[in-house]
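Asks: Kindly generate the corresponding structure for this input.
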Amino acid sequence: MTAACPVAGAAPAVVREWSIRTLGRQPYEPVWRAMQRFTDARGPDTPDELWLVEHDPVFTLGQAGKPEHVLAPGDIPVLQVDRGGQVTYHGPGQLVAYPLVDLRRLGLGVRELVCRIEQAVIDVLAGHGIAAARKDGAPGIYVDGAKVMALGLRVRRGCSFHGLAFNVAMDLEPFRRINPCGYQGLEVTSVLDLGGPGDPAALAPDLVQALSRTLGLVPRPRPELPDLSPSA
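Replies: Numbering: from 1, shown residues only. Got it, this is the predicted structure:
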């Protein structure tokens, strides 16, 4: 079940910080648009950032998303977005993390970035006694075949946005309204259902530390929110 990942390279010669922003609960689209603006505006010296958020209920279709995988959305909106991957669900109780990093500066390719994000989630779960793994041909993290973390990225001008959705303690019913990640009948689970903690805010520091370690960055909390106002 475990997929091969590129061997991690040497630790960066220069220690870099990244800014950690905790956004709370937010609608999906303003955060997505703010990520786009941040990525488009950054220069070679712009510090990397990590945004942590819980989203209002929404289904998102990635660039490869097929509308037929949205079976019965009901009252939950469906949004076509520019990340990789198929359809997934975001909602309260899910810890969403958006690593906004300059891959060239970190010396990483896209596949290695995916592997390091996945490893961070494996490490977080292991710290709570949960054995998780990758799955060949299906990005994300699984426990006994059930998906607990979905992953979809976009890289533009050598910089990443979008990120991971970690099911901590959420209503999983909306996943039955779609073929999650394009797979009919894919089982989905949560950290709480696996016997782990049931508070996304309590799990967030573990995820920050794990991502910082796997990406070779030093976390620096920033209290201010990004500009989430509609773009002109």
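
Asks: which residues touch the residue most central in space within the chain?
Replies: The centroid of the chain falls nearest to residue 164 when counting by C-alpha atoms, centre = their mean (1.0 Å). Under the criterion of C-beta atoms under 8 Å, 6 or more residues apart in numbering, the contact partners of residue 164 comprise 96, 97, 117, 121, 149, 150, 151. (Each C-beta comes from the backbone N, C-alpha and C, glycine too.)

Asks: C-alpha coordinates for the strand or helix carrying the last one, CSV please?
Replies: Read it as residue 151. Assigned by DSSP states H and E, residue 151 falls within strand 146-156. Coordinates of each C-alpha in strand 146-156 appear next as CSV, following Å, rounded to 0.1, in the frame of the first residue of the first chain:
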residue,chain,number,x,y,z
ALA,A,146,-9.9,4.9,4.5
LYS,A,147,-8.8,8.4,3.5
VAL,A,148,-8.1,10.8,6.3
MET,A,149,-6.2,13.5,4.5
ALA,A,150,-6.8,14.7,0.9
LEU,A,151,-4.2,16.7,-1.0
GLY,A,152,-4.4,19.0,-4.0
LEU,A,153,-1.8,21.6,-5.1
ARG,A,154,-1.2,24.2,-7.7
VAL,A,155,2.2,25.5,-8.7
ARG,A,156,2.6,28.8,-10.4
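
Asks: Next SSE downstream of that strand?
Replies: strand 159-167.

Asks: can you give me the offset of the following helix or strand past that following strand from its chain's centre?
Replies: The element immediately downstream of strand 159-167 (helix or strand, assigned by DSSP H and E) is helix 200-215. Distance, stretch centre to chain centre, for helix 200-215: 12 Å (C-alpha atoms, centre = their mean, to the nearest Å).
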